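**Student:** Okay, here's the prediction I keep looking at, along with the sequence it came from:
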Amino acid sequence: MKLGIMQPYFFPYIGYFALIKQTDEFILFDTPQFIRHGWIERNQILKPNGERLYIKAPLKKHHRDTKIKELVINDTQNWRSKILAQLVPYKKVAPNYWKVIKLLKEIFEYETTSIVEFNLHSLRKVCDYLNVTTPIKIWSEMGVSIEDATAPDEWALNICKALGANTYYNPMGGTSFFDRSKYEKAGIDLKFMESQAVEYKQFPNEFAPFLSIIDLMMFCNVESINEMMDNFKLH
């Protein structure tokens, strides 16, 4: 089994979905401590002038040591409508504007105060739209016991061992702290997935990479996005 594990991101970029597509099972790792200025509750789209713009689900105040799974959405703010309003400029130039808005409205109908549950729901809905069928699960709800991790790269290792995975896919960013020998010793093939940069038509400015999947879906059809997700190298 090919396994992928990532923290639960908010409408992440295409590389995240490519990882989901290329694995047999994908786990949202929600037990670490929440770190501010990440991608759990926010992501980026574009303004017509080419500047990046944050979309986000506001969170209730929490302690510094709060785990991701404990984060609560602040629904006193009308953040769903705000995101839809932030996307209005796409209407004039994005060929798939109405399809994506319809998808987002369906996602936003889901009622939960858990950012992890919301991100799981939105990831599944976007995967359905993109014809990606990989099962996605929340780690804290799986009821699986693992060995204690003594290093950052052992969480994935111990989860792989507990689930019987023989291959683990990770983004290229993890090459700096993963010890491949640990995985080889456990009989697990560690693969680093390098997605190839693909430009697509956005607003008439310099191309802005690594935006939310929302931007990509606005401008590109499902077939093209799948071709992009299949365009990668393994190391």
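**Tutor:** Looks like it arrived, so ask away.
**Student:** so where's the protein shaky on pLDDT?
**Tutor:** Counting by pLDDT under 70, the chain shows no low-confidence range.
**Student:** Longest helix in it, by number of residues?
**Tutor:** With DSSP state H setting the assignment, residue counts place helix 115-130 as the longest helix in the chain.
**Student:** Pull out the buried positions in whichever helix or strand comes after that helix.
**Tutor:** Sequence-wise, the next helix or strand downstream of helix 115-130 (DSSP states H and E) is strand 136-138. By neighbour count with 16 or more other Cβ atoms under 10 Å, strand 136-138 contains the buried residues 136, 138. Placement of C-beta: from N, CA and C, glycine included.
**Student:** neighbouring strands for strand 136-138, and are they parallel or not?
**Tutor:** Neighbouring strands of strand 136-138 in its sheet, by DSSP bridges, are strand 25-28 (parallel).
**Student:** Put the alpha carbons of the strand it pairs with into PDB.
**Tutor:** Extracted in PDB, the C-alpha atoms of strand 25-28 (Å, rounded to 0.1, in the frame of the first residue of the first chain):
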ATOM      1  CA  GLU A  25      -4.700   6.000   1.300                       C
ATOM      2  CA  PHE A  26      -4.200   9.500   2.600                       C
ATOM      3  CA  ILE A  27      -4.200  10.500   6.200                       C
ATOM      4  CA  LEU A  28      -4.800  14.000   7.700                       C
END
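**Student:** Heading C-terminal from it, find the next helix or strand.
**Tutor:** strand 42-46.
**Student:** Summarise which helices and strands the helix or strand following that following strand is packed against.
**Tutor:** Sequence order places strand 52-56 as the next helix or strand after strand 42-46, per DSSP H and E. Packing contacts for strand 52-56, counted by 3 or more Cβ pairs under 8 Å, 6 or more residues apart in numbering; DSSP states H and E, involve strand 42-46, helix 79-86.
**Student:** ok, the residue lying closest to Ile115 once chain neighbours are set aside - how many residues close by?
**Tutor:** Distances taken as Cβ to Cβ, 6 or more residues apart in numbering put Leu71 closest to Ile115, at 4.6 Å, once the chain neighbours are dropped. A count of nearby residues for Leu71, using other Cβ atoms under 10 Å, gives 21.
**Student:** From what I see, Leu71 and Gly38 are in contact.
**Tutor:** No: using Cβ atoms under 8 Å, Leu71 is not in contact with Gly38, being 11.3 Å away.
**Student:** hmm, who's touching the longest helix of the chain?
**Tutor:** 8-11, 17, 20-21, 28, 30, 40-41, 57, 59, 68-69, 71-73, 103, 106-107, 110, 112, 133-134, 136, 138, 140, 213, 217, 222, 225-226, 229 (Cβ atoms under 8 Å, 6 or more residues apart in numbering).
**Student:** One more pass at 7 Å, please.
**Tutor:** For helix 115-130, the surrounding residues in contact (Cβ atoms under 7 Å, 6 or more residues apart in numbering) are 8-11, 17, 20, 28, 30, 40-41, 57, 59, 68-69, 71, 73, 103, 106-107, 110, 112, 136, 138, 213, 222, 225-226.
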